[in-house]
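>>> Build me a model from this:
(one chain, ligands or ions: 2)
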Amino acid sequence: MNEQQVRQEMVKWGRSIFERGLTAGSSGNISVKVEDGYLVSPTNSCLGFLDPGRISKLDGAGQLVSGDAPTKELPLHFAFYEKRPTAGAVVHLHSTYATALSCLSDVDPSDAIRPITPYVVMRVGRVPVVPYTRPGSPEIRPLIEKLAGEHAAVLLENHGPVVAGASLDAAVFAIEELEEAAKLSILLRGMPVRMLSPAAIADLDRHFKLK
Ligand SMILES: O=C(O)[C@@H](O)C(=O)COP(=O)(O)O
Ligand SMILES: [Zn+2]
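Residues are numbered from 1 along each chain as shown. Ligands and ions are numbered 1, 2, ... in the order given. All right, here's what the predicted structure looks like:
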């Protein structure tokens with residue numbers, strides 16, 4: 001895909017995410033790795049109305065080359081690119097159920113999404129919770145770097161989900177699945193849920209290796 005096509009993909013997915021209510025107002029941000037750097041949603045932009053010509057273009061070192069000022073969450077995005085060589089895109093949203101889960105004090109911080117259905121195991125894997133930092137703070141970078149080698153997705157405590165994927169499509173599909181799994185997890189709270197067995201999870205891990 002050439003750079004113009006990637007810009008169009010960011011506009012298409014941004015609009016789709018916004019129109020389906022997966023993030024509101026100017027919340028959320030997306031980035032995609034391109035041949036000579038990164039394309040990033042501008043800070044304070046609405047994902048539903050990205051202008052392809054104003055998307056922030058960064059060089060390989062993260063310096064702004066063209067377009068509007070980038071999202072303030074670059075440390076978050078770069079932590080994934082640094083520690084996950086397979087990452088081609090990163091998506092952060094304030095989707096309702098995943099964000100709700102990130103606010104619950106009794107969620108296991110090493111495994112916030114209980115393995116209820118196979119698809120979340122296949123597309124997202126185990127999701128840890130990263131301790132709270134102020135949005136945009138550089139303090140998030142080392143916290144994510146500790147986890148990103150092993151995990152494609154995290155929940156930012158009291159904030160929301162972040163997912164890395166091999167492509168923008170893959171990252172969007174995974175964050176959508178994370179949202180659905182969080183929704184099930186909240187809907188089923190207090191009910192006698194049958195979890196997938198450790199053997200079933202190991203079988204899924206063998207057959208559907210996450211990138
Ligand atoms: O929650 C926040 O403030 C940010 O994480 C966010 O979602 C939007 O920030 P920008 O991408 O800088 O607009
Ligand atoms: Zn945010």
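>>> what does the longest helix seen in the chain contact?
Counting residues, the longest helix found in the chain (DSSP state H) is helix 168-187. Contacts of helix 168-187 from elsewhere in the structure, counted by C-beta atoms under 8 Å, 6 or more residues apart in numbering, are 6, 9-10, 13, 16-17, 22, 30, 32, 88-91, 93, 95-98, 100-101, 113-114, 116-117, 119-120, 123-124, 127, 152-153, 161, 163-165, 211. Every residue, glycine included, has its C-beta placed from N, CA and C.
>>> mind redoing it with 7 Å?
The set of residues external to helix 168-187 that reach it, using C-beta atoms under 7 Å, 6 or more residues apart in numbering, is 9-10, 13, 17, 22, 32, 89-91, 93, 95, 97-98, 100-101, 113-114, 116-117, 119-120, 123-124, 127, 152-153, 161, 163-165.
>>> Check stretch 128-143 too.
Under the contact criterion C-beta under 7 Å, 6+ apart, stretch 128-143 has outside partners 72-73, 75-76, 78-79, 102, 107, 109-110, 112, 144, 147, 151, 154-159.
>>> From those, which land in strands?
154-156 (DSSP state E).
>>> Identify, from the residues you listed, the entry nearest to ligand 1.
Relative to ligand 1, the closest of the ones in strands among the contacts of stretch 128-143 is Leu156; by C-beta to the nearest ligand atom it sits at 7.8 Å.
>>> picking up where we left off before, which ones among the ones in strands among the contacts of stretch 128-143 also lie next to ligand 1?
Taking C-beta under 6 Å from any ligand atom, there is no overlap between the ones in strands among the contacts of stretch 128-143 and the neighbourhood of ligand 1.
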